[in-house]
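# The following block contains a protein sequence and its predicted model.
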Amino acid sequence: MTKQSLLPDHYQKIPVYRPTGVPREITEKFGEDLVNLASNENPLGPSPKALQKMQSALKNSFLYPEPLFKGLASALSQKLNISTDHLHFGNGIEEILVHIANALIHKGDHVVLSNMTFPLYTNNNKFRQANESVVPLDKNFVYDLKSIKKQITKDTKLVYLCNSNNPTGTYFNKAEFDSFLEGLSPDLIVLYDEAYFEYADADDYPNGMDYLNKHKNIIITRTFSKFYALAGLRVGYSIQRPDLTKALDHVKSLYSNNFIGEVGAIAALKDLDHINKTQKMNKDGKVQFLQELKGLDIIIHPTQANFFMIQTKLDARKLAGELLQLGVMVCPLNAFGIENGIRVTIGTSQENQSFFKAIGSILS
Ligand SMILES: Cc1ncc(COP(=O)(O)O)c(C=O)c1O
């Protein structure tokens, strides 16, 4: 028997999710000047105060981390005005999704999700052989909560909701979320992924914290990877009722936490100057995109995140390839079934200008 055949059959059918690398000739040509607008990172980089704290914490790297992130739990509990037993931590939301699946999703469970959304939801279901119902986004690329609700049966264990949605940037509003939750079985787990929460500024955007007591089994996920610019340090958290926290802590590997990340996250939460700079950059960037791209024959979808989904008349992979030749990296959305869509991170004003110039030269 070969090693390969030791893997269960269903594992082998699960797509491997990896970001596409940049061809060597491009890195050689552009080096540091490559404008990376592909991964929704914060181009301002980490808060300088966080950097300072992390640098001085490095000398303690010989110590094991505190497994439950008690320092960060305390800082977040003050910020969110909840007790620490509502907070669970992981190596990014990505790992928390694995904890959720390990603790709560079993073979044969029914789960509901959408099609054009964060790809790792489906992988976790598939590894555990859960039965998925996949509901398309509506015609405006917004989560179709009414159709999702229709798919829920007495056997449904979990529903995945991503708001704002990656890769479309679109969102569903408070009224839609309220009516979705109305009458749902309290046993159903509602995973409410708010990876881009800090960027959402619409008055009717449903802040997950307002729903913590409205649905018994809601799990809200947030991250320090995006707004707080600590993607490389892998710090994510979830907020839920205390017995769910216990269940998630139970399946967590003991020392997966990165204590440098924890130190950075605590400092980043307090650095109001950097928080304001990030907010302003994104707000100004949104205006800049809408103004500068006005003349082009494209559709720019409204966003509640730090990226735009843009549809053009070209195949997305081809367009992304041409942009890359001009030194600008974006994410083509063919893999999501959006053949003419690209996702473009809102960068610094200068990075945005590079994108406008490059796409303008291709499309006009
Ligand atoms: C919607 C959504 N959820 C979760 C994640 C994963 O975030 P983390 O870096 O915290 O694992 C991402 C990252 O792109 C995302 O877009």
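That came through, no problem. Predicted, not measured: the structure shown is a model, and the values here were computed from it. Residues are numbered from 1 along each chain as shown.

# Can you spell out the domain ranges of this protein, please?
According to automatic domain parsing, the chain is divided into the following domains: 4-46+272-363, 49-270.

# Least confident of the ones you listed, on average?
Of all the domains of the chain, the minimum mean pLDDT falls on domain 4-46+272-363 (a mean of 93).

# what does the helix or strand encompassing residue 281 rub up against?
Element membership for residue 281 (DSSP states H and E) is helix 272-292. With C-beta atoms under 8 Å, 6 or more residues apart in numbering as the test, helix 272-292 has contacts from 42-44, 47-50, 198-199, 201, 227, 229, 268, 300, 303, 306, 308, 344, 346-349, 352-353, 356. C-beta here means a position set from N, CA and C on the backbone, and glycine is covered the same way.

# Which ones among those residues also lie next to the ligand?
Cross-checking the contacts of helix 272-292 against the ligand (C-beta under 6 Å from any ligand atom) gives no overlapping residues.

# ok, of these, which come out buried?
42-43, 47, 49-50, 198-199, 227, 229, 268, 300, 303, 306, 308, 344, 346-347, 352, 356 (16 or more other C-beta atoms under 10 Å).

# residues contacting the residue of the chain found nearest the ligand?
The ligand sits closest to residue 92 of the chain, with a gap of 2.5 Å, by C-beta to the nearest ligand atom. Counting by C-beta under 8 Å, 6+ apart, residue 92 touches 223, 225, 231, 234-236.

# quick revisit: cross-reference the buried ones among the contacts of helix 272-292 with the helices and report the matches.
Counted as lying in helices by DSSP state H, out of these, are 49-50, 268, 352, 356.

# hey, which of the domains of the chain is tucked in deepest?
When the domains of the chain are scored by mean count of other C-beta atoms under 10 Å, the highest mean neighbour count falls to domain 49-270 (a mean of 19).

# any idea how far that domain is from the chain center?
9 Å (C-alpha atoms, centre = their mean, to the nearest Å).

# what's the first-to-last distance across that domain?
9 Å (C-alpha to C-alpha, to the nearest Å).

# separation between the residue nearest to residue 131 when sequence neighbours are not counted and residue 248?
Spatial nearest neighbour of residue 131, excluding adjacent residues (C-beta to C-beta, 6 or more residues apart in numbering): residue 110 at 4.9 Å. The gap separating residue 110 from residue 248 is 21 Å, by C-beta to C-beta, to the nearest Å.

# repeat for residue 166
From residue 166 to residue 248 the distance is 22 Å (C-beta to C-beta).

# ok, now residue 169?
28 Å.

# interface residues of the stretch 51-200 of the chain facing the ligand?
So the stretch 51-200 of the chain meets the ligand at 92-94, 118, 162, 166, 193, 195 (C-beta under 6 Å from any ligand atom).

# likewise the stretch 201-350 of the chain?
So the stretch 201-350 of the chain meets the ligand at 223, 225, 231, 236 (C-beta under 6 Å from any ligand atom).

# contacting residues for the residue lying closest to the first one once chain neighbours are set aside?
Right, residue 223. Spatial nearest neighbour of residue 223, chain neighbours left out: residue 236 (4.3 Å); criterion: C-beta to C-beta, 6+ apart. Going by C-beta under 8 Å, 6+ apart, residue 236 touches 89-96, 221-225.

# One more pass at 7 Å, please.
Contact analysis of residue 236 by C-beta atoms under 7 Å, 6 or more residues apart in numbering lists 90, 92-93, 95-96, 221-224.

# Next: residue 104.
Contacts of residue 104 by C-beta under 7 Å, 6+ apart are 157-158, 189.

# how about residue 328, phi and psi?
Dihedral pair for residue 328: phi -130, psi 120, per degrees, to the nearest 10.

# list the helices and strands the helix or strand hosting residue 191 packs on?
For residue 191, the element it lies in under DSSP H and E is strand 189-193. Counting contacts by 3 or more C-beta pairs under 7 Å, 6 or more residues apart in numbering; DSSP states H and E, strand 189-193 is packed against helix 92-104, strand 156-162, strand 218-223.

# and of these, who's closest to residue 71?
strand 218-223 (17.0 Å; C-beta to C-beta).

# Strand 189-193 and the closest one, what's the angle between them?
20 degrees (axes from the mean of the first three to the mean of the last three C-alpha atoms, to 10 degrees).

# For the remainder of this discussion, apply numbering that starts at 535.
Understood, numbering begins at 535; the last thing we discussed is strand 752-757.

# Strand 752-757 - which strands sit beside it in the sheet, and in what orientation?
As defined by DSSP bridges, the strand partners of strand 752-757 come to strand 723-727 (parallel), strand 770-773 (antiparallel).

# Could you save the ones you listed as a markdown table and add columns showing distance to residue 827?
Below are the strands paired with strand 752-757 laid out as a markdown table (distance: least, C-beta to C-beta, whole Å):
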| stretch | distance to residue 827 |
| --- | --- |
| strand 723-727 | 28 |
| strand 770-773 | 32 |
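
# Now the two most distant members of the residues of the stretch 735-884 of the chain next to the ligand.
765 and 770 (10.3 Å).

# Spit out the contact partners of the residue nearest to the spatial centre of the chain.
With distances taken as C-alpha atoms, centre = their mean, residue 729 lies nearest the centre of the chain, 4.1 Å away. Taking C-beta under 7 Å, 6+ apart, we find residue 729 in contact with 627, 700, 755-757, 760.
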